[in-house]
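Student: Whatever this is, show me its structure:
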Amino acid sequence: MMELLYPSVHRSASTGILKSSSSGEDSLSLSDTRLITEKYNRLLESHHKLLRVNQNLEDKLLRVVTSCEEQKEAMKTEISSLTEQLDFYKSQSERLEVENVKYREDCLLAIQLLQCNPSNFVDQHFDNVSNMSFLSIVVSRLCCCCRLP
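Tutor: Numbers count the residues shown, from 1 in each chain. Have a look, this model is predicted:
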């Protein structure tokens with residue numbers, strides 16, 4: 001790198017220290033060579049520090065991305081599970097609504113039949129019990145169970 005910027009400066013293969021060639025006006029003084037070498041070493045050290053910082057930042061970013069992907073998958077699984085539960089409870093609610101309507105209609109029909117002619121629906125073997133008291137108990141229990149809207 002230094003050789004490209006300063007053609008008269010060459011790196012020694014054995015020591016790694018920059019040296020200038022002594023060819024006339026292109027030659028650098030020893031103090032210039034030291035100055036350039038120090039600048040180069042500082043730049044090289046800064047470059048290595050930046051590489052380490054960049055590597056650490058990349059590692060942190062990869063950990064964050066991995067964590068986010070794991071959370072995303074966990075949330076997808078949870079959403080899927082909750083969606084299945086919601087569908088189950090919706091179908092169960094619809095089924096119970098249908099049953100509720102059926103039972104309400106049955107209760108209304110029973111009340112209407114009892115109000116039309118209650119003596120037709122009382123068994124004959126209950127003769128010893130007062131028909132009116134038995135009928136009032138049945139009607140009150142039907143009314144309690146089947147609240148009319």
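Student: helices or strands up against the helix ranked longest in the chain?
Tutor: When the chain is scanned for its longest helix (criterion: DSSP state H), the result is helix 30-116. Applying 3 or more CB pairs under 8 Å, 6 or more residues apart in numbering; DSSP states H and E, one finds that helix 30-116 makes contact with strand 18-20, helix 131-145. All C-beta spots, glycine's among them, are computed from the backbone N, C-alpha and C.
Student: Least confident of these, on average?
Tutor: Ranked by mean pLDDT, the helices and strands packed on helix 30-116 bottom out at strand 18-20, with a mean of 53.
Student: Which pLDDT value goes with Ser21?
Tutor: Predicted confidence (pLDDT) for Ser21: 51.
Student: now do Glu105
Tutor: At Glu105 the predicted local distance difference test score is 92.
Student: For it, give its distance to Glu94.
Tutor: Summarising the geometry, the distance separating Glu105 from Glu94, computed by CB to CB, to the nearest Å, is 17 Å.
Student: Then Cys68?
Tutor: According to CB to CB, Cys68 stands 38 Å off from Glu94.
Student: do Ser67 as well
Tutor: 40 Å.
Student: what's Arg52 in contact with, if anything?
Tutor: The neighbourhood of Arg52, defined by CB atoms under 8 Å, 6 or more residues apart in numbering, contains no residues.
Student: residue ranges with poor pLDDT in this protein?
Tutor: 1-27, 117-135, 138-149 (pLDDT under 70).
Student: Ala110: how many residues sit nearby?
Tutor: 16 (other CB atoms under 10 Å).
Student: likewise Ser93?
Tutor: In terms of burial, Ser93 registers 10 neighbours under the definition other CB under 10 Å.
Student: same question, Leu108
Tutor: For Leu108, the tally of surrounding residues (other CB under 10 Å) stands at 14.
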